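# Provided below for reference: sequence and predicted model.
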Amino acid sequence: MDAADPAQRARWLPPMPRADEVWCQGFSEPGAGSDLAAVGTRAVRRGDDCVVDGQKTWTTYGRHTDRMFALVGTGPSGGRHRGLSCLAIDLAAPGVDVRPIRQVHGRAGFAEVFLTGVRVPVADRIGDVDDGWAVAMRLLSVERGPDAGGPARSRRRRAALAADDAGTDPGGERVPPKRCSAEPPAA
């Protein structure tokens with residue numbers, strides 16, 4: 001949050017240590033993998049909002065989070081790491097579709113996040129326009145540091161992990177494991 005402005009810090013930081021709000025990272029994309037400079041998700045400024053279209057994948061526990069730090073294209077690339085901005089996207093916003101990725105062991109620790117016409121207030125841009133690469137690098141540099149994992153040990157995260165282990169969603173509904181492509185089709 002060092003790139004966030006004072007108003008953003010005042011709004012977003014208080015709920016984080018209590019895990020009242022849990023955040024995820026929206027960096028990886030189909031076709032780009034973990035090549036952050038090759039993101040295809042775009043945000044176009046429309047008045048006081050950025051309208052976002054694209055897809056993020058392999059979002060760790062994305063279906064159990066409230067907001068996403070998302071790296072999106074906002075300008076001409078002009079070079080490998082230019083034209084990218086970081087947005088804080090509310091995952092309950094209209095146009096956001098979070099789908100679990102069920103793994104071979106039946107758990108859904110990752111998600112795909114589809115963004116279709118999602119309106120993100122310009123006030124929720126973290127850092128300067130087209131300076132998202134620097135914001136993302138700062139975020140990644142502390143991601144696995146000594147303070148990482150506070151929210152990962154939160155009540156909500158533990159409940160999400162327990163639900164995955166039990167083969168249910170957080171509401172207790174049974175979720176059948178996805179059939180592994182190596183299994184023969186049902187007769």
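Okay, I see it.
# which phi and psi does residue 129 have?
Backbone torsions for residue 129, taken as degrees, to the nearest 10, come to phi -60, psi 140.
# hang on, isn't it packed against residue 86?
No: contact criterion Cβ atoms under 8 Å: residue 129 and residue 86 do not qualify, at 10.1 Å. Every C-beta, even on glycine, is put in place using the N, C-alpha and C of the backbone.
# List the residues that contact residue 128.
Counting by Cβ atoms under 8 Å, 6 or more residues apart in numbering, residue 128 makes contact with residue 85.
# and it, what helix or strand is that in?
Assessed by DSSP states H and E, residue 128 sits outside every helix and strand.
# separation between it and residue 97?
Residue 128 sits 29 Å away from residue 97, going by Cβ to Cβ, to the nearest Å.
# thinking again about what came up before, more neighbours: residue 129 and residue 86, which one.
residue 86 (27 against 15; other Cβ atoms under 10 Å).
# Contact partners for the more buried one?
Residue 86 neighbours (Cβ under 8 Å, 6+ apart): 3, 69, 70, 71, 72, 125, 126, 127, 132, 135, 136, 139.
# which SS class is residue 75?
Put simply, residue 75 is coil when judged by DSSP: H, G, I helix; E, B strand; the rest coil.
# which residues touch the closest residue in space to it that isn't next to it in sequence?
Counting by Cβ to Cβ, 6 or more residues apart in numbering, the nearest residue to residue 75 once its immediate chain neighbours are dropped is residue 83, at 3.9 Å. With contact taken as Cβ under 8 Å, 6+ apart, residue 83 is in contact with 73, 74, 75, 76, 77, 130.
# Need the pLDDT of residue 83.
pLDDT for residue 83: 83.
# That one and residue 74: what is the separation?
6 Å.
# residues shared between the contacts of the two?
With contacts taken as Cβ under 8 Å, 6+ apart, residue 83 and residue 74 have residue 130 as neighbours in common.
# Next up, the contacts around residue 56.
By Cβ under 8 Å, 6+ apart, the neighbours of residue 56 are 26, 27, 28, 29, 41, 62, 68, 70, 112, 113, 115.
# now do 10 Å
Contact analysis of residue 56 by Cβ atoms under 10 Å, 6 or more residues apart in numbering lists 24-30, 32, 39, 41, 62, 68, 70-72, 89, 98, 111-115.
# Report the backbone C-alpha coordinates of the helix or strand where it lies in PDB.
In this assignment (DSSP H and E), residue 56 forms part of strand 49-60. The C-alpha coordinates for strand 49-60 follow below in PDB (Å, rounded to 0.1, in the frame of the first residue of the first chain):
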ATOM      1  CA  ASP A  49     -14.400   5.500 -13.900                       C
ATOM      2  CA  CYS A  50     -12.100   3.100 -15.700                       C
ATOM      3  CA  VAL A  51     -14.100   0.500 -17.600                       C
ATOM      4  CA  VAL A  52     -12.200  -2.900 -17.400                       C
ATOM      5  CA  ASP A  53     -12.500  -5.800 -19.800                       C
ATOM      6  CA  GLY A  54     -10.400  -8.900 -19.700                       C
ATOM      7  CA  GLN A  55      -9.500 -12.000 -17.700                       C
ATOM      8  CA  LYS A  56      -7.200 -13.000 -14.900                       C
ATOM      9  CA  THR A  57      -6.300 -16.600 -14.000                       C
ATOM     10  CA  TRP A  58      -4.600 -18.600 -11.300                       C
ATOM     11  CA  THR A  59      -5.800 -16.000  -8.800                       C
ATOM     12  CA  THR A  60      -5.000 -17.600  -5.400                       C
END
